[in-house]
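Q: A structural model of the following input is requested.
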Amino acid sequence: MTTMATPTQPAPTKTSTAPVYNPKSESGTAKRIKSTIFHVVALALVAMVLYPALWMIASSFKPNSEIGGANTSLWSNNFSFDNFATAMEGIGGVSTLTFFTNSLILAVGAVVGTVLSASISAYAFARINFPGRGLFFGMMIATLLLPFHVVIIPQYIVFQQLGLVDTYIPLLIGKFLAADAFFVFLMVQFMRGLPAELDEAARIDGAGHVRIFGSIMLPLMKPALISTSIFSFIWSWND
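A: As a prediction, the model looks like this:
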């Protein structure tokens, strides 16, 4: 007589019902509280940064009696444009429009002169082998250590003897003579990063230094030229 064994079912395992803490799962209330605190602090910082500029703009529409003292409010009951009319009158009989015109002429002239002279000088130092190149380049870099106040009086004496005082020439002539060694150094370092094979290929095709500089180097130097133009304009405008 044969007996058949019935398969036994495995005993069920006990599962833990304890909650598992997940740091990423936060309640909606906690998230809203954190978001509210963040935005309040951010708005407070923005208000602190913007208030001086807003006060300056608002004060330009106030009379002088309301600008000083303990009055720090942005609002005024006596808004007027008298301050703008007074500002446009200028100083010493010279209008503010004349000041802006002179600054614009000098800034644009400085950009043109600096870009032309600095790029030509940089090409000579970076691409042309001539005796004493390293010495002259080092002397040019050394002028960065020379304070401007040391040369301003000799320059004034020279320009006075030439009869160029009260003209634009003394302020612009240095820009067209690569007097800003910083921009020359900037362009030299940028130009040295360009492949020398471009020059060699151009010389094989019969191009000279003028053609190489104008047709190959200048188009590739756009980042350096733009940086030089921006900084030259800002520095000249702020003088």
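Q: Pass me the low-pLDDT residue ranges in this protein, would you?
A: Applying pLDDT under 70 to the chain picks out residues 1-27, 69-72.
Q: how's the protein carved up into domains?
A: Following the assignment in the TED database, the chain carries domains at 28-89, 96-238.
Q: will you turn those domains into a markdown table that also has mean neighbour count?
A: Every C-beta, even on glycine, is put in place using the N, C-alpha and C of the backbone. As requested, the domains of the chain are exported to a markdown table (neighbours: other Cβ atoms under 10 Å):
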| stretch | mean neighbour count |
| --- | --- |
| domain 28-89 | 11 |
| domain 96-238 | 15 |
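Q: Wait, a strand at S80?
A: No: per DSSP: H, G, I helix; E, B strand; the rest coil, S80 lies outside any strand segment and is coil.
Q: unless I'm mixing things up, it is touching N64, no?
A: No: here S80 does not reach N64: they are 10.7 Å apart, not a contact under Cβ atoms under 8 Å.
Q: list residues touching both of those two?
A: Taking Cβ atoms under 8 Å, 6 or more residues apart in numbering as the contact criterion, S80 and N64 have no common neighbours.
Q: so what's the spatially closest residue to L116 that is not a sequence neighbour up against?
A: Distances taken as Cβ to Cβ, 6 or more residues apart in numbering put F176 closest to L116, at 6.9 Å, once the chain neighbours are dropped. Contacts of F176 were listed using Cβ under 8 Å, 6+ apart, and they are G113, L116, S117.
Q: check which helix or strand covers the first one.
A: With elements delineated by DSSP states H and E, G113 resides in helix 96-127, which encompasses its position.
Q: For that helix, what is the distance to the chain centroid?
A: When C-alpha coordinates are averaged (Cα atoms, centre = their mean, to the nearest Å), helix 96-127 and its chain have centres 17 Å apart.
Q: Tell me the helices and strands packed up against that helix.
A: Contacts of helix 96-127 with other secondary structure elements, assessed using 3 or more Cβ pairs under 8 Å, 6 or more residues apart in numbering; DSSP states H and E, are made with helix 82-89, helix 133-142, helix 169-172, helix 181-192, helix 209-212, helix 222-238.
Q: Out of those, which gets nearest to A122?
A: Evaluated over those, closeness to A122 peaks at helix 181-192, with 3.4 Å, by Cβ to Cβ.
Q: List the contacts of the closest one.
A: Against helix 181-192 from outside (Cβ under 8 Å, 6+ apart): 114, 118-119, 121-123, 125-127, 137, 140-141, 143-144, 178, 217, 221, 223-225, 227-228, 231-232.
Q: try 6 Å
A: Residues from elsewhere that reach helix 181-192, judged by Cβ atoms under 6 Å, 6 or more residues apart in numbering: 114, 118-119, 121-122, 125-126, 140, 143-144, 178, 224, 228.
Q: Can you name the next helix or strand after the host helix or strand of W55?
A: For W55, the host element (DSSP H and E) is helix 28-59. Toward the C-terminal end, the helix or strand that comes next after helix 28-59 (DSSP H and E) is helix 64-67.
Q: ok, back up a step: so which of the contacts of F176 is the closest to V40?
A: G113 (51.8 Å).
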